[in-house]
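Visitor: Only the shape, not the letters, is given here:
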């Protein structure tokens, strides 16, 4: 196999390992649309990073983090329903990103690779960013795990029990922004949420605890990356979408597993 | 004995002149409420009377527009929320659910479940625990906080009649052995009446308060809960203290 294939596989596996645990929380906390909004905002980050001559990853990270905090603030104020706010920001930032990209000649050419990912063109620098950033994000999530799980089950109860809910929530959305930024290269802006939630949903029936679901989700994601890249080579299909198709197939297979019963 | 919560001076919880609005409409107006150690205070009132809002203010989850909320410094609260639905996508056994109560909860989980009489649920997924047992599990979670004050929002909802009596006996027993204060919201007027020290009848303002017998003959109470209500009639014969107020209630209503 060629170098670029190994790099693609390493990048995909790195992204999937991070996506499993984060995606599990996205599923438990019903934040799929939230993840989508962050993903859409990342195109604006690419454009901004390019226009300001920043590192693109830094631009994406900055914009995603800003949007994540804005979302959290707007949801707290409760003047509009959460999904309305998400809809406005999600499509507003995507449109703004597309408009901005139109002004930037070089980016316009590459637009499709940002929307759908270009894992076969991953550079060693991208790879380092995915693995190092992913390790940091996972370490952060591990630190937040218990309080985040408590507030996922019941926010008020967690608050009464002394969980610093606002702090934990803010920490989680910032980490999620980071995960979105580092997954962008692998599956592209439009499919990031898919790689977050499909492996997690596939893991549900195989898991008896939150931790085992997060682990199985990471493994299912890795399997999907492997199958997707293989299919992409075999039939010359786009890599990012092939990975998502593979995870959707794995999800369909998982749905045939009978629901796990607890020991009496 | 020194560590008993009832040793401390003053009430565990004291609310004065609490006014709260949700959106544009006032939900609470000038509400006073105190709960002392070893005391069971029951909050009753029709739907939309502001009972849950008052609990949220008392717990510090909601800041009142006016008025003061004082908890005794360092007060340990065990809270049982009215609704708790765990997403079916989250694999969580009762054991793990209870372990979330506190960092050191792990080794005390079994004891707490035994105390509430639901030891068999330990390794059951929380989503498949039903009605009465689920309420017991929630109570166990509150107990794991080693509480000086229990705050229970409709602890008997979704529980059959016999289960309700058992649950109230359990709460009373826990109060007796721990000496903790209990603040609870209830719709089940009569059963509560028998085990409670003080009833606070709420309808945006406190319309009457006092010992169960006093309240159940108060005209303000009877306007809110006419004795023709099936719940009232159903339980009336069961408990001695209430036997007397029933005919009185009929005359008043």
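Guide: Sure, I can see it. Predicted, not measured: the structure shown is a model, and the values here were computed from it.
Visitor: From now on I want contacts and neighbour counts done on CA atoms only, so please keep to that.
Guide: Will do.
Visitor: For the residue in the stretch 101-250 of chain A positioned nearest to chain B, which non-adjacent residue is spatially closest?
Guide: Residue nearest to chain B within the stretch 101-250 of chain A (CA to the nearest CA): residue A:209, separated by 4.9 Å. Closest residue to residue A:209 apart from its sequence neighbours, by CA to CA, 6 or more residues apart in numbering or on different chains: residue B:91 at 4.9 Å.
Visitor: so that neighbour is in which element?
Guide: Using DSSP states H and E, residue B:91 is not contained in any helix or strand.
Visitor: show me what contacts it?
Guide: Shown in contact with residue B:91 (CA atoms under 8 Å, 6 or more residues apart in numbering or on different chains): A:204, A:207, A:208, A:209, A:210, A:213, B:125.
Visitor: and chain B, what are its domains?
Guide: Domain assignment for chain B by automatic domain parsing gives B:10-76+B:147-252, B:83-146.
Visitor: closest one to residue A:102 among those domains?
Guide: Closest to residue A:102 of the domains of chain B, according to CA to CA: domain B:83-146, at 40.8 Å.
Visitor: how long is that closest one end to end?
Guide: Distance between the two ends of domain B:83-146: 22 Å, counting by CA to CA, to the nearest Å.
Visitor: next one: phi and psi at residue B:88?
Guide: Residue B:88 adopts backbone torsions of phi -60, psi -20, taken as degrees, to the nearest 10.
Visitor: what are the ranges of the strands in chain B?
Guide: B:13-22, B:25-35, B:40-44, B:66-71, B:77-80, B:149-153, B:181-185, B:198-203, B:205-210 (DSSP state E).
Visitor: Which positions in chain B make contact with chain A?
Guide: B:59-61, B:77-81, B:84-87, B:89-93, B:100-102, B:120, B:123-125, B:145 (CA under 8 Å from any CA of the partner chain).
Visitor: Kindly list the longest helix within chain A.
Guide: In chain A, taking DSSP state H as the definition, the longest helix is helix A:124-153.
Visitor: Report the rounded mean pLDDT for it.
Guide: Helix A:124-153 shows a mean pLDDT of 94.
Visitor: Which other helices and strands does that helix contact?
Guide: Under the contact definition 3 or more CA pairs under 8 Å, 6 or more residues apart in numbering or on different chains; DSSP states H and E, helix A:124-153 sits against helix A:3-28, helix A:155-160, helix A:165-187.
Visitor: Just want the angle from that helix to helix A:165-187.
Guide: In terms of direction (axes from the mean of the first three to the mean of the last three CA atoms, to 10 degrees), helix A:124-153 departs from helix A:165-187 by 140 degrees.
Visitor: Quick check: buried residues in helix A:124-153?
Guide: The neighbour-count check on helix A:124-153 (16 or more other CA atoms under 10 Å in any protein chain shown) flags A:126-127, A:129-131, A:133-134, A:136-138, A:141, A:144-153 as buried.
Visitor: Give me the buried positions along the host helix or strand of residue A:70.
Guide: Here residue A:70 sits within helix A:56-77, counting by DSSP H and E. For helix A:56-77, burial by neighbour count (16+ other CA under 10 Å) applies to A:56-69, A:71-72, A:74-75.
Visitor: Give me the number of neighbouring residues for the nearest residue to residue A:124 once chain neighbours are set aside.
Guide: Distances taken as CA to CA, 6+ apart place residue A:7 nearest to residue A:124, at 7.3 Å, with adjacent residues excluded. Residue A:7 has 19 neighbours, counted by other CA atoms under 10 Å in any protein chain shown.
Visitor: can you tell me how far residue A:7 sits from residue A:123?
Guide: 7 Å.
Visitor: how about the one helix or strand residue A:247 maps to, does it reach chain B?
Guide: Assigned by DSSP H and E, residue A:247 belongs to helix A:239-254. No: residues of helix A:239-254 are not located near chain B by CA under 8 Å from any CA, the shortest gap being 13.6 Å.
Visitor: for that helix, packing partners?
Guide: helix A:165-187, helix A:192-203, helix A:210-235.
Visitor: and stretch A:164-177, what's its mean pLDDT?
Guide: In the prediction, stretch A:164-177 has an average pLDDT of 94.
Visitor: Tell me the buried residues in it?
Guide: A:165, A:168, A:169, A:170, A:171, A:172, A:173, A:174, A:175, A:176, A:177.
Visitor: Equivalent analysis for stretch A:79-88, please.
Guide: For stretch A:79-88, by 16+ other CA under 10 Å, it's A:82, A:85, A:86.
Visitor: same question, stretch A:173-193
Guide: A:173-193.
Visitor: Now do that stretch: distance to the chain's middle.
Guide: Relative to its chain's centre, stretch A:173-193 lies at 4 Å (CA atoms, centre = their mean, to the nearest Å).
Visitor: Ok, stretch B:130-144 next?
Guide: On CA atoms, centre = their mean, the centre of stretch B:130-144 falls 13 Å from the chain's centre.
Visitor: So what touches that stretch?
Guide: Looking at stretch B:130-144 with CA under 8 Å, 6+ apart, the contacting residues turn out to be B:77-80, B:94, B:98, B:101-102, B:105, B:108-109, B:112-113, B:115-118, B:121, B:126, B:150, B:155-160, B:163, B:167.
Visitor: how far away is the residue in the stretch 1-150 of chain B positioned nearest to chain A from residue B:208?
Guide: The minimum distance from the stretch 1-150 of chain B to chain A, using CA to the nearest CA, falls at residue B:91 (4.9 Å). Separation of residue B:91 from residue B:208 (CA to CA) stands at 45 Å.
Visitor: and what of residue A:169?
Guide: 41 Å.
Visitor: lowest average confidence, helix or strand, in the chain?
Guide: Let's take chain A. helix A:105-116 (a mean of 79; mean pLDDT, DSSP states H and E).
Visitor: In terms of secondary structure, what does that helix contact?
Guide: Where contact means 3+ CA pairs under 8 Å, 6+ apart, helix A:105-116 is packed against helix A:32-51, helix A:82-103, helix A:165-187.
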